[in-house]
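>>> Build the 3D model from these lines:
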Amino acid sequence: MVTLKINGTAHTVDVPTDMPLLWVLRDVIGLTGTKFGCGMALCGACTVHLDGRPVRSCVTPVAAATAKQITTIEAIGETPGGRKAQQAWLDLDVVQCGYCQSGQIMSAAALLATKPHPTDADIDAALGGNICRCGTYPRIRAAIKHAAGD
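Below you'll find the model as predicted:
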């Protein structure tokens, strides 16, 4: 049995400690906002926060998440950066197919929490591991700047 603190709530689950956090979130707990993309930490669709830092949940074993605060897309709007990012995504109509967008928002929220007024280079570095097959990169950049008030 492992206890995880997810979005402010403790969840005790009976899973192997090497099970990827992504599958615990989606299949065991039922938080399906975090998406499976590649399973190799290359696309960013599965991004969640551990203690405020973005990580790829598809390669993060449950053992690495115990005793940490896990935040998913379902609760990122409760953080200042997350709330700003989500509103900017809506204001600028960023989403096309939407599949990657939870990971994009999670990375953007982490960036805004550490750099409230990111430069283009900051945005590129923070979101470089998040792939959007629809090519909404210009709208994503504009949304991050909008969320920053720039």
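>>> Now name the helix or strand holding the closest residue to Thr71 other than its chain neighbours.
Nearest non-adjacent residue to Thr71, counting by C-beta to C-beta, 6 or more residues apart in numbering: His49, 4.1 Å away. Where C-beta positions appear, they are placed from N, C-alpha and C, glycine not excepted. Assigned by DSSP states H and E, His49 belongs to strand 47-50.
>>> swap in Leu22?
Per DSSP H and E: helix 21-23 holds Leu22.
>>> ok, residues contacting the strand holding His49?
For strand 47-50, contacts defined as C-beta atoms under 8 Å, 6 or more residues apart in numbering pick out 21, 25, 34, 54-57, 60, 64-65, 68-73, 76, 102-103, 106-107, 109-110, 130.
>>> Tell me the confidence at the residue nearest to the spatial centre of the chain?
Taking C-alpha atoms, centre = their mean, the centroid of the chain lies closest to Met106, which sits 2.9 Å from it. Note on Met106: pLDDT of 98.
>>> cool, the one 3 residues further on as well?
The predicted local distance difference test score for Ala109 is 97.
>>> Can you tell me the element it falls in?
Judged by DSSP H and E, Ala109 forms part of helix 101-114.
>>> circling back: can you tell me the strand partners of the strand holding His49 and which way each runs?
strand 53-56 (antiparallel), strand 69-71 (antiparallel) (DSSP bridges).
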